[in-house]
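Enquirer: turn this into a model:
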Amino acid sequence: MSPRVGLDPAGIERLMDEHFPQARELGWEIVSVGDHAARLRLPIREAHLRPGPSVSGPTLMALADTAMYFALLGAIGPTLLAMTTSLNVNFMRGCAGGVLVADARLLKLGKRLAVGEVGIRAEGAPDLVAHATLTYSVPPSRRGE
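Expert: So this is what the prediction gives:
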């Protein structure tokens with residue numbers, strides 16, 4: 001099995017711009033990637049809000065999924081075919097605006113699956129807005145098979 005070589009933030013941005021430019025529509029900013037973790041910022045726009053106003057569930061789920069994918073890319077490198085096999089999210093409290101920060105970390109990186117968690121907070125706030133657990137399928141080409 002060849003060693004895993006992860007991507008840095010600039011490498012992830014290039015990969016996304018080349019192969020998945022529509023992902024930029026969410027509006028994320030990469031703060032850091034490395035050590036089986038990733039941190040993203042999301043400045044909240046009107047399009048992210050549901051009536052109330054509060055950040056919508058789909059926005060929080062997309063942010064969690066993106067943060068976990070970037071943590072995985074940071075660990076195993078350019079793997080376009082890694083995909084979410086499960087995402088469970090607990091919405092803890094509403095958030096009406098500002099900036100959200102998503103902290104993702106891989107809990108297990110195996111040959112076939114990667115498991116991790118993401119905590120999402122309003123920037124500068126200690127309490128979680130949402131907590132997600134995710135599992136990703138790691139494609140055979142990245143498993144050395």
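
Enquirer: only C-alpha atoms for contact and neighbour calcs from this point on.
Expert: OK.

Enquirer: which parts of the longest helix along the chain are buried?
Expert: Longest helix in the chain, counting residues (DSSP state H): helix 57-76. Using 16 or more other CA atoms under 10 Å as the test for burial, helix 57-76 gives 57, 59-61, 63-76.

Enquirer: so after it, what's the next helix or strand?
Expert: Toward the C-terminus, helix 57-76 is succeeded by strand 83-91 as the next helix or strand (DSSP states H and E).

Enquirer: can you report phi and psi for H36?
Expert: phi 60, psi 30 (degrees, to the nearest 10).

Enquirer: that one: what's it in contact with?
Expert: The contact partners of H36, by CA atoms under 8 Å, 6 or more residues apart in numbering, come to 71-72, 74-75, 105-106.

Enquirer: for this protein, which segments count as strands?
Expert: Assignment of strands within the chain using DSSP state E yields the ranges 29-34, 37-43, 49-50, 54-55, 83-91, 99-109, 113-122, 128-137.

Enquirer: ok so, going back, check which helices and strands the longest helix of the chain sits against.
Expert: helix 9-19, strand 29-34, strand 37-43, strand 83-91, strand 99-109, strand 113-122, strand 128-137 (3 or more CA pairs under 8 Å, 6 or more residues apart in numbering; DSSP states H and E).
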